[in-house]
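In: Give the three-dimensional model of this entry:
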Amino acid sequence: MIRHIVFWKFRPDADPEPFLQALSALPEQIDWIRGMHVARSAAPNAAWDAALEVDFDTLEDVARYRRSEERRVGKE
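Out: Below you'll find the model as predicted:
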């Protein structure tokens, strides 16, 4: 198993909820995602505001994910 982890720090004026909801929907769109978790930081002054953990079976699946259009949430 390969775990891909990404952290975000949002601008103070940003509303991250639509972005995080779109991330949460990715497993329904990308069938080679084996598991996924989206989390918000509970610490008020944390270095990050949200994190994404995505599990894949192989490095090739990670590469396919990185090339996929579906993962480009919020980049319209």
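
In: which residues touch stretch 30-40?
Out: Outside stretch 30-40, the residues that touch it by CB atoms under 8 Å, 6 or more residues apart in numbering are 1, 20, 23-24, 26-27, 49-57, 61, 64-65, 68, 70-71. Bear in mind the C-beta positions are built from the backbone N, C-alpha and C, glycine included.

In: part of a helix, is A63?
Out: Yes: the secondary structure assignment for A63 places it in a helix, going by DSSP: H, G, I helix; E, B strand; the rest coil.

In: isn't there a strand covering R3?
Out: Yes: remark: R3 belongs to a strand, assigned using three-state DSSP.

In: Let's see the pLDDT reported for the nearest residue to it once chain neighbours are set aside.
Out: Counting by CB to CB, 6 or more residues apart in numbering, D55 is the residue found nearest to R3 once chain neighbours are left out, at 5.5 Å. Looking at D55, its pLDDT is 97.

In: Distance-wise, check D55 relative to S68.
Out: In this view, D55 and S68 are 15 Å apart by CB to CB, to the nearest Å.

In: Check L20 too.
Out: From L20 over to S68 (counting by CB to CB), the distance is 18 Å.

In: again, but for A39
Out: As defined by CB to CB, A39 lies at a distance of 22 Å from S68.

In: rewinding a little: how about residues contacting the strand or helix carrying the residue nearest to R3?
Out: Using DSSP states H and E, D55 maps to strand 50-56. Residues outside strand 50-56 that contact it (CB under 8 Å, 6+ apart) are 1-8, 10, 16, 20, 23, 26, 32-41, 62, 65.

In: Which of these fall in strands?
Out: Of the positions in those, 2-8, 35-40 sit in strands, assigned by DSSP state E.

In: would JSON lines of those residues with neighbour count and pLDDT be doable?
Out: Shown next, in JSON lines, are these (neighbours: other CB atoms under 10 Å; pLDDT from 0 to 100):
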{"residue": "I2", "neighbour count": "14", "pLDDT": "96"}
{"residue": "R3", "neighbour count": "12", "pLDDT": "96"}
{"residue": "H4", "neighbour count": "16", "pLDDT": "94"}
{"residue": "I5", "neighbour count": "9", "pLDDT": "95"}
{"residue": "V6", "neighbour count": "12", "pLDDT": "94"}
{"residue": "F7", "neighbour count": "13", "pLDDT": "96"}
{"residue": "W8", "neighbour count": "17", "pLDDT": "95"}
{"residue": "G35", "neighbour count": "11", "pLDDT": "96"}
{"residue": "M36", "neighbour count": "17", "pLDDT": "95"}
{"residue": "H37", "neighbour count": "13", "pLDDT": "96"}
{"residue": "V38", "neighbour count": "18", "pLDDT": "95"}
{"residue": "A39", "neighbour count": "13", "pLDDT": "94"}
{"residue": "R40", "neighbour count": "13", "pLDDT": "93"}
